[in-house]
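Undergrad: Quick one, fold the following:
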Amino acid sequence: MFVLAVLALLAAVEFGVMPSPRTGFYCNDPKINFEFRGDTVSTSVLLAGSFTLPWITLWLVESTMAFARRRSRGGAGGVLGCLRSGARPAGRWYREYVLGLGVVMFVTDAMKLLVSEPRPHFLDTCRPDANCTLAARDVWTWVDDFECTNKRQSAYHVRDSMRSFPSGHTSVSVYTSLFIMIFLRRRMLRDVTLLLVPWLQGLFLLWTLTCSLTRITDHRHHWWDVLAGSLLGVFSALYTIRMFCEDFCEDEDDGDESLRSSPEGLGRGDGKSLPSRPLLNGHVHGKDCSCPMACPDAVPARRLLSSSSSCASSLTAAEERELREVSTTS
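TA: Okay, here's the model as predicted:
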């Protein structure tokens, strides 16, 4: 229901169902007197990349991790099995990503609707019926009562010429790239290659720079529109990762049924009755300690009770008996 509500609001804003306030403009403002030349990165390309590239990346990374976990435990399974195992955690990350993306798009459109700032090509696209004569070209005349007379372009493009702040291309691309870049840093295997993660992060950074800077060179946005869109995308990505994705930390065997049924997976949760969080001193830890960013100081209970521990010499008689009982039962 939440997704449908956001989509309905986005459609209402985009297609002019919701009335929008209209600000004025200065008749001879050079910042809004550029020619409309189209988009280097169209809206359809932006949306296609924002929905498909993250899913492919999330799925491949989680499938690679599933393959590495099976290999380290001596488990069997081919490529299809690893892809199926990686689809479940990737689907959860993607669900949170899409929810955050919907919020970013809605907030961006709401800000466009409220601010209603003319784009750099406003005069060329709208062609207002204001009295901007050549005799008054040196006079900065404020016009707030006008109608657009351009009939060559659709009503959507004419209406869109008053929605410059903030840049939607920038907010969406920055949100997407930052989300995936942090995901790669937190979830990608460290022993794959030293340069793979920075290289992939660089590709997404290049995607963001292309989507953002071309909005200025195409005269579709002012530089402050791109700056505001960048800040909105950064804040939204960090909030989504921190509050909804829990810094991309989860169980090592999450989504891998073959590991849950194996002897190595016993005690970590069968997905039915026992929690799948790792144990910390005999208790379920609040965060997943398989993620080093979540609880770097977490130590397994068996290691703490090991006789080789540096604290073993200071144990009392009762603690030594408990240590022996744990050793015989483990």
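
Undergrad: Now do the strands in the stretch 1-150 of the chain.
TA: All strands of the stretch 1-150 of the chain, identified by DSSP state E, counting those that start in this stretch, fall at 25-26, 142-143.

Undergrad: residues touching C211, list them.
TA: 41, 46, 169-170, 172-173 (CB atoms under 8 Å, 6 or more residues apart in numbering). The C-beta positions use only the backbone N, C-alpha and C, and glycine is treated the same way.

Undergrad: Kindly recompute the last result at 10 Å.
TA: Contacts for C211 (CB atoms under 10 Å, 6 or more residues apart in numbering) come out as 39-41, 45-46, 49-50, 167-174, 176-177, 226, 229.

Undergrad: Select the longest helix from the protein.
TA: helix 79-115 (DSSP state H).

Undergrad: What about M105, how many residues nearby?
TA: Neighbour count for M105, taken as other CB atoms under 10 Å: 23.

Undergrad: I meant S42, not that one.
TA: 11.

Undergrad: swap in the one 3 residues further on?
TA: V45 is flanked by 13 other residues according to other CB under 10 Å.

Undergrad: separation between it and I216?
TA: Shown here: V45 relative to I216, a distance of 18 Å by CB to CB, to the nearest Å.

Undergrad: now H121
TA: Counting by CB to CB, the gap from H121 to I216 is 12 Å.

Undergrad: Could you check the pLDDT of V226?
TA: For V226, the model assigns a pLDDT of 97.

Undergrad: That one contacts P120, correct?
TA: No: under the criterion of CB atoms under 10 Å, V226 makes no contact with P120, lying 11.6 Å away.

Undergrad: between the two, what contacts are shared?
TA: In contact with both V226 and P120: 215-216, 220, using CB under 10 Å, 6+ apart.

Undergrad: tell me the helices in the protein, going along the chain?
TA: 2-14, 43-72, 79-115, 122-126, 155-160, 168-187, 196-217, 223-239, 257-260, 301-304, 317-329.

Undergrad: Which of those helices sits closest to Y26?
TA: helix 122-126 (10.3 Å; CB to CB).

Undergrad: so G202 sits right up against M181, yeah?
TA: Yes: contact criterion CB under 10 Å: G202 and M181 qualify, at 9.2 Å.

Undergrad: with the shared contacts of V226 and P120 in mind, which one is nearest to Y156?
TA: R220 (14.6 Å).

Undergrad: Tell me how many other residues surround that closest one.
TA: R220 is flanked by 25 other residues according to other CB under 10 Å.

Undergrad: if you count what's nearby, which of G202 and M181 comes out ahead?
TA: M181 (20 against 12).

Undergrad: The more buried one: what's it in contact with?
TA: M181 neighbours (CB under 10 Å, 6+ apart): 197-198, 200-205, 208, 237.

Undergrad: Which members of these define the maximum pairwise distance?
TA: Taking CB to CB, no two of the contacts of M181 sit farther apart than P198 and A237, at 18.4 Å.

Undergrad: who's more crowded, those two?
TA: A237 (24 against 14).

Undergrad: Now for the residue nearest to that one when sequence neighbours are not counted: which residues touch it?
TA: Distance criterion CB to CB, 6 or more residues apart in numbering; nearest residue to A237, sequence neighbours excluded, is L178 at 4.0 Å. Contacts for L178 (CB under 10 Å, 6+ apart) come out as 201, 204-205, 208, 230, 233-238, 240-241.

Undergrad: which of those residues has the most neighbours?
TA: The contacts of L178, ranked by neighbours (other CB under 10 Å): first place G233, 27 neighbours.

Undergrad: Let me know the pLDDT of that one.
TA: 97.

Undergrad: Distance of the closest residue to it other than its chain neighbours relative to R215?
TA: Sequence neighbours aside, V174 is the residue nearest to G233 in space, at 2.9 Å (criterion: CB to CB, 6+ apart). Per CB to CB, V174 is found 12 Å from R215.
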